[in-house]
Each structure stands twice: as structure tokens, then as C-alpha cells.
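A.B. asks: sharing a model prediction with you, sequence too.
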Amino acid sequence: QVQLVESGGGLVQPGGSLRLSCAAAGFALDEYGIGWFRQAPGKEREGVSYTSTHIESTYYADSVKGRFTISRDNAKNMVYLQMNNLKPEATAVYHCYANPWGYDRWGQGTQVTVSS
């Protein structure tokens, strides 16, 4: 079964850190670029970060540059999003995304809440 499963979300105070994980099953992550997206209540989904197959190319939304880092462990079929100095506006459900064999695949999401 082809799927993506996120984990690592939670409640954190402003300025805190979280590390999100995205595990792939049914396909090899190292053959595809992987994206992280987020959707806050009442807002449209937005792209947060993207990595190409071997980290030779990465993208970060302006709102997270310098604070978020995307990485991947192809041997473990995992992609990570390290989020530092979190701000309340980062509160959202975070999803990872891949497009194996041309089919869009989204994980179920992991909730990140930044609040004091």
C-alpha cells in the first residue's frame, strides 16, 4: 500500500522547536521530491518546504526561511522537517506530499500548535 505517514506534531510554546517526520510505505522516497505543506483553520493550504531527491535542491517559504530545515534519510525512507523558533502563526496541520508514478499522495497530517 502506497502511503505517507506524518508524526512529530504537538503543542509547543513560541520560540520552541519540533521535528516532523514523514515515513513512506510502498515506494522509495529517494526517487521523488518531497514537499511539506500546512493548512491552518480557515486558510488555504500553503507550501512550506520542498526537497529534491538528494537534497541538491530545496525550497522554503519566506515565512520559514532560516528557521525550518528539511532533510531526508533515504536509507530509512524518511523525510524530516526541523522547525525552530516557532511562531504562533505556524499553528496548522502539516502534511507531507509526494507524487510517485504520477499519483498525488498526501499523509493524514500532524497537528502543530504554537501557543503559550
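C.D. replies: Sure, I can see it.

A.B. asks: got the contact list for Trp101?
C.D. replies: Phe27 (C-beta atoms under 8 Å, 6 or more residues apart in numbering). Yep, even glycine has a C-beta here, placed from its N, CA and C like the rest.

A.B. asks: helix, strand or coil for it?
C.D. replies: Following DSSP: H, G, I helix; E, B strand; the rest coil, the label given to Trp101 is helix.

A.B. asks: so what pLDDT did it get?
C.D. replies: Here, the pLDDT recorded for Trp101 equals 89.

A.B. asks: and it, how far is that from Ala28?
C.D. replies: The gap separating Trp101 from Ala28 is 11 Å, by C-beta to C-beta, to the nearest Å.

A.B. asks: ok, Glu89 next?
C.D. replies: 34 Å.

A.B. asks: Ala75 now?
C.D. replies: Taking C-beta to C-beta, one finds Ala75 at 11 Å from Ala28.

A.B. asks: give me the number of residues near the nearest residue to Ser57 once chain neighbours are set aside?
C.D. replies: Of all residues beyond its chain neighbours, the one nearest Ser57 is Thr51 (7.3 Å), with distances taken as C-beta to C-beta, 6 or more residues apart in numbering. Residues near Thr51, counting by other C-beta atoms under 10 Å, number 23.

A.B. asks: just Ser17 next, same as before
C.D. replies: Ser17 has 11 neighbours, counted by other C-beta under 10 Å.

A.B. asks: touching, it and Gln82? I think so.
C.D. replies: Yes - applying C-beta atoms under 8 Å, one finds Ser17 in contact with Gln82, separated by 7.2 Å.

A.B. asks: mind checking pLDDT for the residue nearest in space to the middle of the chain?
C.D. replies: Among the residues of the chain, the one closest to the centroid is Trp36, at 3.3 Å (C-alpha atoms, centre = their mean). Here the pLDDT value assigned to Trp36 is 98.

A.B. asks: element containing it, please.
C.D. replies: Taking DSSP states H and E as the criterion, Trp36 maps to strand 34-39.

A.B. asks: okay then, goodbye and thanks.
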